[in-house]
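J.: sequence below, structure please.
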Amino acid sequence: MTIFMVFTVLTSLSAVEIDYERLGDVLQVALPMTALGMSLTLENDYNGTVQFAKSFGATVVATQVLKFSINEKRPNGCSRSFPSGHTSAAFSGASFIQRRYGWTYGLPAYAIASYVGWSRVYANAHYSHDVIAGALLSVGFTYLFTEPLSSSDVQVTPIARDESYGLQLSMRF
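T.: Residues are numbered from 1 along each chain as shown. Have a look, this model is predicted:
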């Protein structure tokens, strides 16, 4: 009986037309709200709440300043394409979750944020560079304002020196 129910659900899902853009719209709000919720309730983490507010606030302000300053046309002809606000919001939540609470929570959050970025390009609302810029902007502010809650065996840190950019990976054995 269980196998039949699973087969029926899978068959039904394959017949449903997924609205990728609308799902991206929802997830770009859900990720930062999840990050805030984790700091307020699950971890009872007041310092994390303050750090999230700083990183998310800086991300939103910087995104809007860049959108209005650069005013790049979108693929669909509308204005203010650069950087992607949906992507910066989603990656702000995902990067906070990863930075503050570790990769166990962060990896699925980054996967969801990546979906949001993909949905913006798929919907013809942004170019790939808009999405990449939104992601990098938010991750940068998160790493600037957020400290890990507890030490982890794996740390990934963005680095920028002179004309070199990259990620530093360190492991504790």
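
J.: okay, strands next: where are they in this structure?
T.: 154-161, 164-171 (DSSP state E).

J.: which stretch in these has the least confidence?
T.: The minimum mean pLDDT among the strands of the chain belongs to strand 164-171 (a mean of 59).

J.: which residue ranges form the helices in the protein?
T.: 2-15, 20-37, 46-70, 85-101, 103-122, 128-145 (DSSP state H).

J.: would you mind listing the buried residues in the longest one?
T.: Meaning helix 46-70. Of the residues in helix 46-70, those buried by neighbour count under the rule 16 or more other CB atoms under 10 Å are 48-49, 51-52, 55-56, 58-60, 62-63, 66-67. Quick note: C-beta positions are derived from backbone N, CA and C, even for glycine.

J.: which strands or helices does that helix pack on?
T.: Helix 46-70 is packed against helix 20-37, helix 85-101, helix 128-145, with contacts defined by 3 or more CB pairs under 8 Å, 6 or more residues apart in numbering; DSSP states H and E.

J.: tell me the mean pLDDT for the second one?
T.: Helix 85-101 shows a mean pLDDT of 97 in the predicted model.

J.: what's the angle from that helix to helix 128-145?
T.: Angle of helix 85-101 versus helix 128-145, following axes from the mean of the first three to the mean of the last three CA atoms, to 10 degrees, is 30 degrees.

J.: and helix 85-101 with helix 103-122, angle?
T.: Between helix 85-101 and helix 103-122, the angle comes out at 170 degrees (the same axes, to 10 degrees).
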